[in-house]
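> model this:
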Amino acid sequence: MKLNELRDQEGATHSRKRVGRGIGSGLGKTGGRGVKGQKSRSGVAIKGFEGGQMPLYRRLPKRGFVNIFGKDFNEVSIGRIQAAIDAKKLDAKATIDTEALVKAGVIRRAKDGVRVLGGGELKAKVTLDVAGASKSAIEKIEKAGGSVKLPEKAAE
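Below you'll find the predicted structure:
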């Protein structure tokens, strides 16, 4: 067998259906959609329609709620921060905040703030200005000689 003799097996490829190209094509007029009615029209989506019976998604009870005041934080481990410092993308001497992390490519875009998590090890002495940090992260940062600046909680 030669390279120019390679072919798909018989029946492996099908010719495309050209719908609505005249009565002689076998797919003219109604174009394989049957006759009339909602399903014969374009732009129809009747997912979940059960022929007049109450659909499943309406028979089941609602659960939970969406907290409209909930914050969506960027989560960054201290191991990831150390990797960026090692790669010379972050300056350990300067204060590391959201803008610095975006500029270094540690996070793609700033959401409602950055929350530092305690995964990995930290060797550099860093000052972080972030929205939140876990207890283990704060311990590891302070153990390395650094500090974490967190926003003050508003008294309620």
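
> okay, CA-based contacts and neighbour counts for the rest of this
Will do.

> which residue packs closest to the residue positioned nearest the centre of the chain, ignoring adjacent ones?
Closest to where the C-alpha atoms of the chain average out (C-alpha atoms, centre = their mean) is Arg108, at 11.8 Å. Excluding the flanking residues, the one nearest Arg108 by C-alpha to C-alpha, 6 or more residues apart in numbering is Val102, at 5.9 Å.

> for that neighbour, which residues are in contact?
Residues near Val102 by C-alpha atoms under 8 Å, 6 or more residues apart in numbering: Arg108, Arg109, Ala110.

> can you confirm it is in a helix?
Yes: Val102 sits within a helix when classified using DSSP: H, G, I helix; E, B strand; the rest coil.

> pLDDT at it, what is it?
If you check Val102, the pLDDT there is 94.

> can you tell me how far it is from Ile85?
14 Å (C-alpha to C-alpha, to the nearest Å).

> repeat that for Ile46.
For Ile46, the distance to Ile85 - C-alpha to C-alpha - is 54 Å.

> who's more crowded, these two?
Ile85 (18 against 9; other C-alpha atoms under 10 Å).

> tell me the contacts of the more buried one?
Asp91, Ala92, Ala124.

> can you list contacts of stretch 131-147?
Against stretch 131-147 from outside (C-alpha under 8 Å, 6+ apart): 77-78, 113-119, 121-128, 148, 150-151.

> now a PyMOL select for only the buried ones of the residues you listed.
To isolate the buried members of the contacts of stretch 131-147 in PyMOL, using 16 or more other C-alpha atoms under 10 Å:
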select buried, resi 77+78+113+114+115+116+117+118+121+122+123+124+125+126+127+128+148
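
> in CSV, list the contacts of Ile85 along with pLDDT and distance to Ala12.
Below are these laid out as CSV (pLDDT from 0 to 100; distance: C-alpha to C-alpha, whole Å):
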residue, pLDDT, distance to Ala12
Asp91, 89, 58
Ala92, 86, 60
Ala124, 89, 60
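
> fine, thanks again, bye for now.
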